[in-house]
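Visitor: I need the structure of the sequence given here:
(2 chains)
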Amino acid sequence: DTGVSQDPRHKITKRGQNVTFRCDPISEHNRLYWYRQTLGQGPEFLTYFQNEAQLEKSRLLSDRFSAERPKGSFSTLEIQRTEQGDSAMYLCASSLQSSYNEQFFGPGTRLTVL
Amino acid sequence: DQQVKQNSPSLSVQEGRISILNCDYTNSMFDYFLWYKKYPAEGPTFLISISSIKDKNEDGRFTVFLNKSAKHLSLHIVPSQPGDSAVYFCAASGGAQKLVFGQGTRLTINP
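Guide: Residues are numbered from 1 along each chain as shown, chains lettered A, B, ... in the order given. You can find the predicted model right below:
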């Protein structure tokens, strides 16, 4: 399978705990994006990388959120001191760098904060 | 501020008929528009796209129309099939970076 993969698919945690998600993009894609989707809404942009450089972060990405892409391949998204409002589907997507980008999404990680 | 809007939360169409999903946007800097399809417990799947220099793009049963003056785009599916039942998201991009999504329209194809 050469698509975008995400791990874990589901995560249940208690409020105040830290969680980390992983995304493996399509191998030749140099752009990687994180989105968050809540019930009844479309995905909302969080941040994106071109190779290992983080080029843009949304104001939705509070100080408790951090994302890395250390070698320009896989990426991690960490949420510290989770809150119930962090419960959502976290989606990763990747694309080639081009004038028009079709982003390909992974299956997502569903986070539930109790 | 919702820059991309899908005003119909749901749409029901009979199998074999045409499905028309609509999307409006407010940001004139958007230059690329995409439609994604999403099944439960899966990530969005890319369907079809159109750049702002075109007004129509076709791919099999799927056609996207763009009306820049009205800041409106639509997705036509014909003929509609039961497997088309899913949530459809319209998305827009300016500068080939982040996508801005609408709220989605749940399409149900009835036999």
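Visitor: any idea how far the residue of chain B positioned farthest from its centre is from chain A?
Guide: Here chain B reaches farthest from its C-alpha mean at residue B:111, the gap being 22.4 Å by CA atoms, centre = their mean. According to CB to the nearest CB, to the nearest Å, residue B:111 and chain A sit 27 Å apart. Where C-beta positions appear, they are placed from N, C-alpha and C, glycine not excepted.
Visitor: OK, contacts around that residue?
Guide: Each residue near residue B:111 by CB atoms under 8 Å, 6 or more residues apart in numbering or on different chains is listed here: B:15, B:82.
Visitor: go with 6 Å
Guide: Applying CB atoms under 6 Å, 6 or more residues apart in numbering or on different chains to residue B:111 gives the contacts residue B:15.
Visitor: Those residues of chain B touching chain A, which are they?
Guide: B:32, B:42-44, B:46, B:51, B:89, B:96, B:98, B:101-104 (CB under 6 Å from any CB of the partner chain).
Visitor: Can you select the buried ones among those residues for me in PyMOL?
Guide: Per 16 or more other CB atoms under 10 Å in any protein chain shown, the buried members of those correspond to this PyMOL selection:
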select buried, chain B and resi 32+43+44+46+89+98+101+102+103+104
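Visitor: Same list, the residues of chain B next to chain A, but as CSV with secondary structure and pLDDT please.
Guide: Below are those laid out as CSV (DSSP: H, G, I helix; E, B strand; the rest coil; pLDDT from 0 to 100):
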residue, secondary structure, pLDDT
B:32, strand, 93
B:42, coil, 88
B:43, coil, 92
B:44, coil, 95
B:46, strand, 94
B:51, strand, 93
B:89, strand, 98
B:96, coil, 59
B:98, coil, 89
B:101, strand, 96
B:102, coil, 97
B:103, coil, 96
B:104, coil, 97
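Visitor: In the residues of chain B next to chain A, find the pair that's most separated.
Guide: B:42 and B:51 (26.6 Å; CB to CB).
Visitor: what's the burial count for residue A:107?
Guide: 17 (other CB atoms under 10 Å in any protein chain shown).
Visitor: which residues of the chain fall in strands?
Guide: No chain in the question, so chain A it is. A:5-7, A:10-13, A:19-24, A:31-37, A:44-50, A:53-57, A:65-68, A:75-79, A:88-95, A:104-105, A:109-113 (DSSP state E).
Visitor: looking at chain B here, not the other one
Guide: Using DSSP E, strands in chain B cover B:4-5, B:10-14, B:19-25, B:32-38, B:45-51, B:56-59, B:62-67, B:72-77, B:86-93, B:99-101, B:105-110.
Visitor: Point out the most buried one among those.
Guide: Comparing these by mean neighbour count (mean count of other CB atoms under 10 Å in any protein chain shown), strand B:99-101 comes out on top with a mean of 25.
Visitor: hmm, who's touching it?
Guide: Contacts for strand B:99-101 (CB under 6 Å, 6+ apart): A:42-43, B:3-4, B:89, B:91-93.
Visitor: Up against chain B, what does chain A have?
Guide: Residues of chain A lying close to chain B by CB under 6 Å from any CB are A:41-43, A:45, A:91, A:99-102, A:105-108.
Visitor: hang on, the earlier thing: okay, the residue farthest from the centre of chain B: pLDDT?
Guide: Here the pLDDT value assigned to residue B:111 is 90.
Visitor: State the distance from it to residue B:8.
Guide: Remark: distance between residue B:111 and residue B:8 (CB to CB, to the nearest Å) = 21 Å.
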